[in-house]
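Visitor: Provided below are the primary sequence and the corresponding predicted coordinates.
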Amino acid sequence: MMWRNIARFSKAAAAAGRTGGSRRCLSTAIPGPCIVHKRGSDILHDPWFNKDTGFPLTERDRLGLRGLLPPRIISFEQQYDRFIESFRSLERNTLGQPDNVVSLAKWRILNRLHDRNETLYYRVLIDNIKDFAPIIYTPTVGLVCQNYSGLYRRPRGMYFSAKDKGEMMSMIYNWPAHQVDMIVITDGSRILGLGDLGVQGIGIPIGKLDMYVAAAGINPQRVLPIMLDVGTNNQKLLQNPLYLGLRQPRLEGDEYLEIIDEFMEAAFTRWPKAVVQFEDFQAKWAFETLDRYRKKFCMFNDDVQGTAGVALAGLLGTVRAQGRPLSDFVNQKIVVVGAGSAGLGVTKTAVQAVARMAGISFADATKNFYLIDKDGLVTTERSKLDPAVVPFAKNPAEIREGASIVEVVKTVRPHVLLGLSGVGGIFNEEVLKAMRESDSCKPAIFAMSNPTLNAECTAADAFKHAGENIVFGSGSPFENVQLENGNVGHVNQANNMYLFPGIGLGTLLSGARIVTDGMLLAAAECLASYMTDEEVQKGILYPSINNIRHITAEVGAAVLRAAVSDDIVEGHGDVGPRDLSHMSKEETVDYITRNMWFPIYSPLVHEK
Ligand SMILES: NC(=O)c1ccc[n+]([C@@H]2O[C@H](COP(=O)([O-])OP(=O)(O)OC[C@H]3O[C@@H](n4cnc5c(N)ncnc54)[C@H](O)[C@@H]3O)[C@@H](O)[C@H]2O)c1
Ligand SMILES: O=C(O)C[C@H](O)C(=O)O
Ligand SMILES: [Mg+2]
């Protein structure tokens, strides 16, 4: 795409973004023009510039569109209303149909708009984020990935396969945008809790980048979803004649690493200032690639690092919810079920926090943590102990090797039971009832696995069996629960969506070339302190998704300021490192907010 946005979106437009749900609050400021290098029907077929019937007459003349559209001009507001009305009518017409059918129908209508007119798409997404996030993101995105080969209509993002070895440096220049800010990459090997979905996992980077646009205001012309297709070990997919990916087993070892090394070199050669988010890699590659690239490239792993920050914020929130001082975190007994990329990332970060708070060693800080994987409680007695879990392995004299979840809960009486196992329903009635004997006055249950069917328990079951005094979080959304005592059991969406957009945006606007532990910790602390005591007392640990732009601006600012403290900022655009280091906290939040893209139709100006 030969385009150049010659004016930043106005401050007023960005401010309109802060108003969140109020779509009536359209900015009256005149948006800056956008230069396009195409004319006529090419523009109508380009979702970045297409305005459908919204092109004004003067623009139709300038761009050679006169006669290519029906004569009547429909305003942005009318287009918006028409879309929402067709969405609502789809909801009415599909009442009573199976959930999967309805969810996919909703995804299709949004996806068609995405493919046709991105400005309108992102506007309806931002304004209706609570309704639409569960469709373009978790949980429906999981269903979309499972059915991707059948749902596929138009390409989105780029595909690099094992067959492209040696070609990636030139292939990367096939992407039409001159500038790319955010890349989300997957190899499809662990898509949510759904396992290896091969090339069909591309739905995840697309959904994550939709959240980047909606929450962080990254310009959609500057995002790039990437699928690295190194084969799949999913036999069902390999046997499906319509499967769209390479029909070969996954590459392993050095062959695998050579492919991903080549992609990283190519991407950063073309866009040295981009930020790359690794997403839904199986644990061994998640850790290996993080280790391999984090000092060399501007990248982070969302499942390991983003999830850790969101979980830490939730854990600190549960201490506040108990009415205890934060320093009491060091005394919380925490059982983590799932020792993969997410579970280990969370445990390590939480142990580090305890070590810091209590002024003790990492080893001593593991005392109150219990890690359970598919073979039960991890102890030092286990044969072939994975080196990554060694620091958390318990002494079998305390509880036996391989103890079940219920055994551990009954013995330990933990304050927190946190699931990142990918196994739906594993917090069954017996386990939840055992949490009634917790040593906490407000036991916390986090069923963080996605999508909904993979959650360790439902919200309703958690409140029913573990007691109405619990705090509850889940990775996928559940409705709040009406409790028998007349209160509302609040459901928190404990999902990394509260952090990754701010981590990416803060890093990008700082111009830092790596993402440090300090930046990630600042993001988690910012989220942890976002809620008021009053909210936390009610069990509300995370903000409403309706405020996602605001929380993202705050997180982004915290990340940027941590990058300043780490002395690694290089600046962004006209704003140099000295400018960044002189900004107050409020000025940093303002700088971040002003740089958020907001969807409005800009006048298009043609240039050859
Ligand atoms: N809420 C969020 O923000 C968030 C973030 C990241 C991951 N997740 C979810 O967490 C889940 C796990 O992700 P991951 O990347 O860690 O996966 P992973 O495959 O790396 O790890 C899964 C872990 O669960 C363990 N496990 C499997 N069956 C078990 C059982 N019956 N009992 C106990 N443990 C069992 C495995 O041994 C492994 O340690 C997925 O469902 C994913 O969607 C949620
Ligand atoms: O994608 C999500 O909703 C969260 C997380 O990254 C996951 O892998 O489950
Ligand atoms: Mg993920």
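Guide: In hand now; what should we look at? Numbering: from 1, shown residues only. Ligands and ions are numbered 1, 2, ... in the order given.

Visitor: which residues touch the residue of the chain found nearest ligand 1?
Guide: For the chain, the nearest residue to ligand 1 under the criterion C-beta to the nearest ligand atom is residue 340, separated by 1.8 Å. C-beta: built from backbone N, CA, C; applies to glycine. Residue 340 sits next to 190, 283, 373, 420, 421, 422 when contact means C-beta atoms under 8 Å, 6 or more residues apart in numbering.

Visitor: Out of these, grab the one that's most surrounded.
Guide: Greatest neighbour count in the contacts of residue 340, by other C-beta atoms under 10 Å, goes to residue 420: 29 neighbours.

Visitor: wait, it sits on residue 304?
Guide: No. Using C-beta atoms under 8 Å, residue 420 is not in contact with residue 304, being 10.9 Å away.

Visitor: Mind listing the shared neighbours of the two?
Guide: Between them, residue 420 and residue 304 share the neighbouring residues residue 342, with contact defined by C-beta under 8 Å, 6+ apart.

Visitor: so residue 92 is in which element?
Guide: Using DSSP states H and E, residue 92 maps to helix 76-93.

Visitor: to the chain's geometric centre, what's the distance from that helix?
Guide: On the basis of C-alpha atoms, centre = their mean, to the nearest Å, helix 76-93 sits 27 Å off its chain's mean C-alpha point.

Visitor: in the next helix or strand after that helix, what counts as buried?
Guide: Sequence-wise, the next helix or strand downstream of helix 76-93 (DSSP H and E) is helix 99-116. Applying a neighbour-count criterion of 16 or more other C-beta atoms under 10 Å, the buried positions in helix 99-116 are 102, 103, 104, 105, 106, 107, 110, 111, 113, 114, 115, 116.

Visitor: Which of these sits closest to residue 243?
Guide: When these are compared for distance to residue 243 (C-beta to C-beta), residue 104 comes out closest, at 18.5 Å.

Visitor: pLDDT value on the residue in the chain that ligand 2 sits nearest to, please?
Guide: Nearest to ligand 2 in the chain, going by C-beta to the nearest ligand atom, is residue 138, at a distance of 3.3 Å. Per-residue pLDDT puts residue 138 at 98.

Visitor: And it, how close does it get to residue 496?
Guide: As defined by C-beta to C-beta, to the nearest Å, residue 138 lies at a distance of 10 Å from residue 496.

Visitor: Please apply the same query to residue 594.
Guide: Plainly put, residue 594 is 25 Å away from residue 496 if you go by C-beta to C-beta.

Visitor: Show me which of these two is the more surrounded one.
Guide: residue 496 (26 against 17).

Visitor: residue in the stretch 401-550 of the chain nearest to ligand 3?
Guide: Taking C-beta to the ion as the measure, the point where the stretch 401-550 of the chain comes nearest ligand 3 is residue 496, at 6.8 Å.

Visitor: my read: that residue touches residue 307, true?
Guide: Yes. Under the criterion of C-beta under 8 Å, residue 496 lies in contact with residue 307, with a separation of 4.7 Å.
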